[in-house]
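Trainee: Please work out how this folds:
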Amino acid sequence: MRIAVIGTGYVGLVAGTCFAESGNNVVCLDIDEEKVAKLKAGLVPIYEPGLEELLKRNAADGRLTFTTSYADAIPRAEVVFIAVGTPPDEDGSADMKYVLSAAKSIAEHMTGYVVVVDKSTVPVGTARRVAKVLAEHTDHPFDVVSNPEFLKEGAAIDDFMKPDRVVIGSDSQRAADVMDELYAPFVRTGKPIFHMDVESAELTKYAANAMLATRISFMNEIANLCNRVGARVDQVRKGIGSDDRIGSRFLFSGVGYGGSCFPKDVKAVMKTCEDHGYAFRILEAVEAVNETQKRLLFEMVQQHYGEDLTGKRFAVWGLAFKPNTDDMREAPAVVVIQALLGAGATVCACDPEAIEEAQVHHLGDAIDYADKPMEALDGADALILITEWNEFRRPDFDAVKEKLKDPVIFDGRNIYSRKTLEAHGFTYYGIGV
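Mentor: Predicted coordinates:
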């Protein structure tokens, strides 16, 4: 099948590469000339395990190409995916200008029937808006489909190639048949394709992320209660996670969620509710808990050292919002580090993939950076663990203790054992443990 993907961000690049891997001819389009030039050279602008190898292989085989030209991408495409960004506006709503601009450009270059697919995370009603724009700028037939993505950063290739489910929202049987054919290679093991109306498909994506965000914030509240009553959140998590009605996933406490999806999508759902005269009070609480949780490690540091941290230096392990990505959007590390700096401290941070992202987009030269975890400890009073990269899970604690001025560890992901660290002579702070 001939496919065009508009947008080479996280969703577009993964989708385009995986569709090419299943034998389709895919053109990925982006208006950023520098990014497209790098992609043509085999340079992937994001860190996602397995993506670079997959991209290079399919590009070398001629199934995956990159362009900045709608005239090159659209006329020969049977299916066009819109996978451009939908950043939050100041009021929390999704900014739709890139989606609607892409729709206009698609319409202007169509030469026959096309299935136009909303792959970006978009508010309810977007498919209707896209169809209106298309109709205003082309006389060619088309159908608009909502096909939300459910990719986890760090495991996106597996998630796409072996999906739990595929959601397709369409009012057209012709378009539904095209989408079934396209996704057939990915659901050979019997995973379901759910067909539904476009509004339900659009809301499904937001509902899924909102539910997962709710589980995280709920468990963080339980962890905070554990700190106050002397309970252990890891034991509570096992106790409730074994209940089939609840399950064990997304019940790990920590310093809050971040990334490109949960914060943005929670805000977007609340804005949609506001636009329809409804207050989603549970999500309002979820967001409030998360913002408070991001400051928890900083508050622990102040409880230990006092409010004025002038002259104190902290080693921070982890900058990305989660392991196996370089994404720092809404990352708790940014909140913690900025609070430390504001209290007079200095910081040296280490992350396997996100240092460049931190330097260019988030923290600049306000902090120091270390290529190796142990190097970040040089001259530090204490260690703060924020992202649970595998590289940080099993350090030589005796060597860590020797490097630190104070044997203190603030563990924002509960990856260390209090018993083990106290046996090594550390003062240990965790989240609900």
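
Trainee: what's the model's confidence in stretch 65-84, averaged?
Mentor: For stretch 65-84, the mean per-residue pLDDT is 97.

Trainee: try stretch 126-139
Mentor: Stretch 126-139 carries an average pLDDT of 97.

Trainee: where's it relative to the chain centroid, distance-wise?
Mentor: Relative to its parent chain, stretch 126-139 has a centroid offset of 29 Å by C-alpha atoms, centre = their mean, to the nearest Å.

Trainee: One more: stretch 47-66?
Mentor: Remark: stretch 47-66 is offset 21 Å from the chain centroid, using C-alpha atoms, centre = their mean.

Trainee: what's that stretch in contact with?
Mentor: For stretch 47-66, contacts defined as C-beta atoms under 8 Å, 6 or more residues apart in numbering pick out 8, 10, 13-14, 16-18, 20-21, 23-30, 36, 39-40, 42, 44, 153-157, 324-326, 353. C-beta here means a position set from N, CA and C on the backbone, and glycine is covered the same way.

Trainee: Take those and keep only those in strands.
Mentor: Taking DSSP state E, the ones among the contacts of stretch 47-66 that sit in strands are 25, 26, 27, 28, 29.

Trainee: mind checking how far the fourth one is from residue 96?
Mentor: Going from residue 28 to residue 96 by C-beta to C-beta, to the nearest Å gives 21 Å.

Trainee: of these two, who's got more company?
Mentor: Of the pair residue 28 and residue 96, residue 28 is the one with more neighbours under other C-beta atoms under 10 Å, namely 28 against 19.

Trainee: partners of the more buried one in the sheet?
Mentor: Here residue 28 sits in beta bridges with residue 5, residue 66, as judged by DSSP bridges.

Trainee: For it, give its distance to residue 47.
Mentor: Plainly put, residue 28 is 18 Å away from residue 47 if you go by C-beta to C-beta.

Trainee: ditto for residue 356
Mentor: Using C-beta to C-beta, residue 356 is found at 10 Å from residue 47.

Trainee: shared neighbours of the two, which are they?
Mentor: Common contacts of residue 356 and residue 47 (C-beta under 8 Å, 6+ apart): residue 326.

Trainee: Which one's more surrounded, those two?
Mentor: Per other C-beta under 10 Å, whichever of residue 356 and residue 47 has more neighbours is residue 47, with 19 against 12.

Trainee: Tell me, how many residues neighbour the closest residue to that one other than its chain neighbours?
Mentor: Of all residues not flanking residue 47 in the chain, residue 326 sits nearest, at 4.1 Å (C-beta to C-beta, 6 or more residues apart in numbering). Other residues lying near residue 326 total 20 when counted by other C-beta under 10 Å.

Trainee: so residue 326 touches residue 354, yeah?
Mentor: Yes. In this structure, residue 326 is within contact of residue 354 by C-beta atoms under 8 Å, at 4.5 Å.

Trainee: Between these two, which contacts overlap?
Mentor: Taking C-beta under 8 Å, 6+ apart as the criterion, residue 326 and residue 354 both touch residue 320.

Trainee: Tell me where the stretch 1-150 of the chain has helices.
Mentor: All helices of the stretch 1-150 of the chain, identified by DSSP state H, counting those that start in this stretch, fall at 10-21, 33-40, 51-60, 70-73, 97-109, 126-137.

Trainee: Bridged to residue 429, which residues?
Mentor: Beta bridges link residue 429 to residue 410 when assigned by DSSP bridges.

Trainee: if I look at it, how far off is residue 297?
Mentor: To residue 297, residue 429 is 8 Å away according to C-beta to C-beta.

Trainee: okay, these two: which has more neighbours?
Mentor: Taking other C-beta under 10 Å, residue 429 and residue 297 do not tie; residue 297 has more neighbours (28 against 22).
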